[in-house]
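Trainee: model this:
(2 chains)
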There are 2 protein chains.
Amino acid sequence: PDEAAKEAAQERNAQLTKPAGSLGRLEEIGVWYASWRGEGRPRITHPQVAIFAGNHGITARGVSAFPVEVTVQMVANFEHGGAAINQLARNAGAVMSVHPIELERPTADFTQAPAMSEAECVAALKVGWEAVDPQSDLLVVGEMGIGNTTSAAALANALFGGAASDWVGRGTGVDDAGLKIKEEVCAAGVALHAGKAPLESLAALGGREVAAMAGAIARARHLRIPVVLDGFICCAAAAVLEKTVSGALDHCLAGHVSAEAAHGAVLAELGKEPLVAMGLRLGEGSGAGLAIPLVKAAVECLSGMATFAEAGVSIT
Amino acid sequence: PDEAAKEAAQERNAQLTKPAGSLGRLEEIGVWYASWRGEGRPRITHPQVAIFAGNHGITARGVSAFPVEVTVQMVANFEHGGAAINQLARNAGAVMSVHPIELERPTADFTQAPAMSEAECVAALKVGWEAVDPQSDLLVVGEMGIGNTTSAAALANALFGGAASDWVGRGTGVDDAGLKIKEEVCAAGVALHAGKAPLESLAALGGREVAAMAGAIARARHLRIPVVLDGFICCAAAAVLEKTVSGALDHCLAGHVSAEAAHGAVLAELGKEPLVAMGLRLGEGSGAGLAIPLVKAAVECLSGMATFAEAGVSIT
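Mentor: Model prediction:
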């Protein structure tokens, strides 16, 4: 973040025609955004939503309520504009890109072997890195991948400790028996791949779309593009970066807290307060896409409002 | 609300390409909106933000941190596009109108006499009623009026009971001494005008902009235009309708919960769950304006998403 831009934004914010502090968290977000963009009076004109898709070997274990072919079917739905995130991206004025990653080649079943080799994981990280448009001024990353709440739960468990039951949830809607399978699969994977560094855990327990999200979030940091984090899977991907380098997510806001059981716990671990809590549990970047207009609102207030002097309004 | 449109929207929602219920509260809002508009697949294309301004006799008692001339100065700021609500309305794609109501004639000091005569109150209600554009498809009402958190606190106290201290707060930012004055003024007004019907309490303790908001919300009901409620003052105005006819606010959502102390209590009395909680305490319709894109998002998902059949996505 740019200290001069931050100070300029703070100074401007203090002069705007409103009681001090009366825009609440919008004021913090505006100043935060300005500091990352290096401008005291920034605008958001090019938000980007990048959706990554991958398939998971653990689906053979029965961890999802949906069949695996839904991943590729939903990619087509994204491309044709029919998914929730298409509506939410349009509603937010964002450009959306879709990145299926070797859907015909699922990851390995992580209860038997690492989900990805180091080379495969690096290739997926690179897909994410390259998906970020350097002209974007706000980024949302989302995912599609039948089975990926189990992958994210195992990754979160490896990164943050605790028991498998602390991190698994109902995902797209498994029943009690399905939830038990998810727990067993998660616990087995975490036990098999214990004691690894965060990026190694990403390869061992993650998925291609999960790695790509981490790559995109890292690239956004490099480009000083603020990021709105989505739900459980996105935050598990992001947590790999934070656990690798503390502060790696300082350019990220939590867009929402989802209904997936462990998302709140991941946000707490990351020290992020969500903007919205509307019970979404869809993935696809939907919660973050929903929150983009709130971030834009914060920046519009900071940069668009008149000062007391400009408006001729009396100060107390 | 239209039962046929509600059923059509529910049926459509159940077929959309997402796990059942995974859009959380967005799904409820979409169906609710459809039921009020009488269309199973509605759109929001003409949101309106109407801002009302009035002056208050009780300002002479020192209830505000700002001088009374700020009301007319802020009206000019609204007209020139420099206030927070201008940015938030633009961010939400809403058209904004500003309605100053006899600013040169403040209400009477309600600790001495009714703030408004019946005729004055009816005239203010009528300003609100007529401010609603029948072509609008979503309405936010906001206010400006130095001293009006004290007026709203007295009105809420009269409507809901309890002590003055339950309803007064720091408003634009009064200190402890100012807060004590607000409490005394509120308690004196409520005692003087005890035992009145809700609409009489509005005249006795409210203000012209408060009455106008109530009039606009009632008109929106008549026109089947859903309303996003703003903060404490807007909700106190709305509460007059609910206390007059139970269910009168069924066409209203709570846009946000503000940092003004008693707003949460008013929302609880009205049975409304806020969409956003970002610590705003500005008024002007700002919290509701911030929430418009969330309501639009809900409607866009309901009406814009593909069904499983349309997208060729497998159902579990």
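Trainee: Around A:Gly24, count how many other residues there are.
Mentor: Residue neighbour count, defined by other CB atoms under 10 Å in any protein chain shown, stands at 22 for A:Gly24. From N, CA and C alone the C-beta is placed, and that goes for glycine too.
Trainee: what's the nearest residue to it if we skip its chain neighbours?
Mentor: Closest residue to A:Gly24 apart from its sequence neighbours, by CB to CB, 6 or more residues apart in numbering or on different chains: B:Gly279 at 2.8 Å.
Trainee: quick one, phi/psi of the one you found?
Mentor: With angles defined as degrees, to the nearest 10, B:Gly279 sits at phi 80, psi 20.
Trainee: show me where the stretch 1-150 of chain A has helices.
Mentor: For the stretch 1-150 of chain A, the helices defined by DSSP state H, counting those that start in this stretch cover A:3-15, A:25-37, A:70-79, A:84-91, A:118-131, A:148-160.
Trainee: The residue nearest to A:Gly24 contacts A:Ser22, correct?
Mentor: No - if you go by CB atoms under 8 Å, B:Gly279 and A:Ser22 don't touch, sitting 9.0 Å apart.
Trainee: quick one on the thing from earlier: which one of the helices of the stretch 1-150 of chain A is the most hemmed in?
Mentor: helix A:148-160 (a mean of 29; mean count of other CB atoms under 10 Å in any protein chain shown).
Trainee: how about that one against chain B, any contact?
Mentor: No - using CB under 8 Å from any CB of the partner chain, helix A:148-160 stays clear of chain B, with a minimum separation of 11.0 Å.
Trainee: what's that helix packed up against?
Mentor: Packing partners of helix A:148-160 (3 or more CB pairs under 8 Å, 6 or more residues apart in numbering or on different chains; DSSP states H and E): helix A:164-167, helix A:176-192, helix A:198-205, helix A:208-222, helix A:232-244, helix A:263-270.
Trainee: Tell me the spacing between the residue nearest to A:Gly24 and B:Val68.
Mentor: 26 Å (CB to CB, to the nearest Å).
Trainee: Also A:Val95?
Mentor: 47 Å.
Trainee: again, but for A:Phe308
Mentor: 16 Å.
Trainee: mind checking the end-to-end distance for stretch A:52-72?
Mentor: 11 Å (CA to CA, to the nearest Å).
Trainee: partners of the residue lying closest to A:His99 once chain neighbours are set aside in the sheet?
Mentor: Setting aside the residues directly before and after it, A:His99 is nearest to A:Phe52 in space (CB to CB, 6+ apart), at 4.9 Å. A:Phe52 has these beta-bridge partners by DSSP bridges: A:His99, A:Glu143.
Trainee: number of nearby residues for A:Phe52?
Mentor: Neighbour tally, A:Phe52, other CB under 10 Å: 31.
Trainee: again, but for A:Asp166
Mentor: Applying other CB under 10 Å, we find 16 residues neighbouring A:Asp166.
Trainee: Wait, it touches A:Gly264, no?
Mentor: No - counting by CB under 8 Å, A:Asp166 stays clear of A:Gly264, with 11.4 Å between them.
Trainee: residues contacting whichever residue of the stretch 151-300 of chain A sits closest to chain B?
Mentor: Using CB to the nearest CB, A:Gly279 is the residue of the stretch 151-300 of chain A that sits closest to chain B, at 2.8 Å. With contact taken as CB atoms under 8 Å, 6 or more residues apart in numbering or on different chains, A:Gly279 is in contact with A:Ser258, A:Ala259, B:Gly24, B:Arg25.
Trainee: how close does it get to B:Thr71?
Mentor: 39 Å.
Trainee: Also A:Met213?
Mentor: 49 Å.
Trainee: returning to that earlier point: can I get the helices and strands packed on helix A:148-160 in a markdown table with distance to B:Ala115 and mean pLDDT?
Mentor: What follows is those, written out as a markdown table (distance: least, CB to CB, whole Å; pLDDT from 0 to 100):
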| stretch | distance to B:Ala115 | mean pLDDT |
| --- | --- | --- |
| helix A:164-167 | 56 | 97 |
| helix A:176-192 | 59 | 96 |
| helix A:198-205 | 63 | 98 |
| helix A:208-222 | 53 | 98 |
| helix A:232-244 | 51 | 98 |
| helix A:263-270 | 46 | 98 |
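Trainee: closest to A:Ala254 out of those helices?
Mentor: Within the helices and strands packed on helix A:148-160, the stretch nearest A:Ala254 is helix A:263-270; the backing value is 5.4 Å (CB to CB).
Trainee: That closest one and chain B, are they touching?
Mentor: No - using CB under 8 Å from any CB, helix A:263-270 stays clear of chain B, coming no nearer than 12.2 Å.
Trainee: Tell me the residues of the stretch 101-250 of chain A that contact chain B?
Mentor: Counting by CB under 8 Å from any CB, the stretch 101-250 of chain A sits next to chain B at A:Thr172, A:Gly173.
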